[in-house]
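Participant: coordinates only, sequence not included:
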Ligand code: NAD
């Protein structure tokens with residue numbers, strides 16, 4: 001990405017969004033963050049608050065007028081904001097419809113009205129559902145999500161591709177594996193640290209512990225995003241972003257335990273091949289498309305997880 005782009009990052013005060021903002025500012029872009037601070041934190045962007053190239057707007061994507069105003073004179077929207085809690089859909093069937101689908105529709109409308117032409121979107125491996133091919137390539141189909149979260153993200157992708165076609169926009173859709181790293185506040189690594197802080201003798205693992213997924217460090221994820229935006233130029237560009245291997249839930253338990261300096265921990269399992277309804281037992285994404293353009297991850301899933309545990313312990317992750 002060249003310098004002097006005016007970029008709007010929705011959800012830029014969240015985990016992945018704030019790392020993206022750090023990198024965009026470092027590269028000389030002018031960045032506006034639009035975030036309702038529901039899970040995002042001002043402290044994640046505090047280093048930029050005095051920077052004239054940085055603006056923080058506290059606003060909600062469900063407020064159409066506010067997002068329309070924020071989109072004025074923007075070259076690229078990085079739409080990162082969402083409710084990312086996959087499990088939540090089983091108890092609250094409305095949240096992903098509002099926070100993901102309607103929020104995405106509102107940003108697309110704001111772009112259309114402001115003549116903003118480029119959007120990058122943070123999608124997810126959950127759009128593939130229980131994929132029968134592993135590693136799962138972008139071309140895999142039919143896409144049959146098994147969580148309301150996955151369904152909402154697939155709907156967002158469909159709105160983005162159809163807006164791109166209808167209104168001559170250009171889109172980058174990134175389907176992430178599990179992203180981990182400093183500032184993360186949800187997911188298995190965070191859960192295990194919290195559980196072991198409460199009781200350092202016992203770790204409850206959802207499912208049978210054999211669930212096996214790909215994990216990528218957030219620094220590599222952000223690298224990949226910027227590389228792919230710079231090096232792909234179709235009107236719709238869809239890429240998986242993940243590591244080349246997997247790690248199981250039990251192995252993550254062991255890594256967290258070791259990084260916390262614990263040795264005598266009993267693992268207990270809630271049973272079944274899925275951690276919860278909507279969880280997939282296995283996930284590994286095909287990243288040949290990204291590799292053919294010249295970018296590939298260096299970290300293994302285990303290294304990403306271990307570095308994350310160390311960083312979160314240093315951050316003194318609050319309960
Ligand atoms: P996060 O919760 O840390 O970030 C989401 C941000 O969006 C927060 O800052 C929150 O305050 C903001 N936000 C939420 N609803 C909003 C609204 N209505 N208006 C304005 N701001 C709002 O989550 P994250 O893990 O950083 O996830 C970022 C994106 O990446 C999400 O789109 C998520 O679905 C996607 N993703 C994440 C992972 C992962 O492993 N973390 C995997 C796949 C996809």
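Facilitator: Here it is on my side, so go on. Keep in mind that what you see is a predicted model, and the values were worked out from it rather than measured.
Participant: show me which helix runs longest in the protein.
Facilitator: Across the chain, the longest stretch assigned as helix under DSSP state H is helix 148-167.
Participant: hmm, that one touching the ligand?
Facilitator: No. Applying Cβ under 6 Å from any ligand atom, one finds helix 148-167 out of contact with the ligand, separated by at least 6.5 Å. C-beta coordinates here come from the backbone N, C-alpha and C atoms, glycine included.
Participant: tell me the buried residues in that helix?
Facilitator: Using 16 or more other Cβ atoms under 10 Å as the test for burial, helix 148-167 gives 148-157, 159-161, 163-164.
Participant: and of those, the nearest to the ligand?
Facilitator: residue 153 (6.5 Å; Cβ to the nearest ligand atom).
Participant: just checking, the closest one touches residue 100?
Facilitator: Yes. Counting by Cβ atoms under 8 Å, residue 100 is a contact partner of residue 153 at 6.3 Å.
Participant: hey, what's in contact with both of those two?
Facilitator: Shared contacts of residue 153 and residue 100, defined by Cβ atoms under 8 Å, 6 or more residues apart in numbering, comprise residue 82.
Participant: after the longest helix of the chain, next one along is what?
Facilitator: Downstream of helix 148-167, the first helix or strand assigned by DSSP states H and E is strand 170-176.
Participant: what's the following helix or strand past that following strand packed up against?
Facilitator: The helix or strand immediately downstream of strand 170-176 is strand 178-180, counting by DSSP H and E. Counting contacts by 3 or more Cβ pairs under 8 Å, 6 or more residues apart in numbering; DSSP states H and E, strand 178-180 packs against strand 215-217, helix 218-231, helix 301-314.
Participant: show the subsequent helix or strand relative to strand 178-180.
Facilitator: Once strand 178-180 ends, the next helix or strand along the chain (criterion: DSSP H and E) is helix 188-198.
Participant: could you list the low-confidence segments of this structure?
Facilitator: The model of the chain has pLDDT under 70 over residues 1-4, 317-319.
Participant: ok, now which ones touch residue 13?
Facilitator: Going by Cβ under 8 Å, 6+ apart, residue 13 touches 33, 35, 37, 40, 41, 42, 44, 45, 56.
Participant: in the buried residues of helix 148-167, find the pair that's most separated.
Facilitator: Greatest spatial distance among the buried residues of helix 148-167 (Cβ to Cβ): 148 and 164, at 24.6 Å.
Participant: the longest helix of the chain vs strand 170-176, what angle?
Facilitator: 160 degrees (axes from the mean of the first three to the mean of the last three Cα atoms, to 10 degrees).
Participant: centre of the chain to helix 148-167, how far?
Facilitator: A distance of 16 Å separates the centroid of the chain from that of helix 148-167, by Cα atoms, centre = their mean, to the nearest Å.
Participant: and if you look at stretch 295-305?
Facilitator: 16 Å.
Participant: now the end-to-end length of it.
Facilitator: Using Cα to Cα, to the nearest Å, the end-to-end distance of stretch 295-305 comes out at 21 Å.
Participant: domains of this protein?
Facilitator: Here the domain parsing of the chain from automatic domain parsing is 6-179+217-241, 181-213+245-283+298-313.
Participant: just the ones you listed: most buried one?
Facilitator: domain 6-179+217-241 (a mean of 19; mean count of other Cβ atoms under 10 Å).
Participant: the contacts of residue 13: which ones sit near the ligand?
Facilitator: Within the contacts of residue 13, those near the ligand by Cβ under 6 Å from any ligand atom are 35, 37, 40.
Participant: just checking, the second one touches residue 58?
Facilitator: Yes. At 6.0 Å, residue 37 counts as touching residue 58 under the criterion of Cβ under 8 Å.
Participant: about what we covered before: identify whichever of the domains of the chain lies nearest to residue 292.
Facilitator: Residue 292 lies closest, by Cβ to Cβ, to one member of these: domain 6-179+217-241, at 10.3 Å.
Participant: which residues touch stretch 100-112?
Facilitator: Against stretch 100-112 from outside (Cβ under 8 Å, 6+ apart): 10, 61-62, 64, 67-68, 70-71, 74, 77, 79, 81-83, 116-117, 119, 121, 149, 152-153, 155-156, 159-160, 163, 167, 169.
Participant: how close does the closest residue in space to residue 288 that isn't next to it in sequence sit to residue 122?
Facilitator: What sits nearest to residue 288 in space, not counting adjacent residues and going by Cβ to Cβ, 6 or more residues apart in numbering, is residue 137, at 6.7 Å. According to Cβ to Cβ, to the nearest Å, residue 137 and residue 122 sit 19 Å apart.
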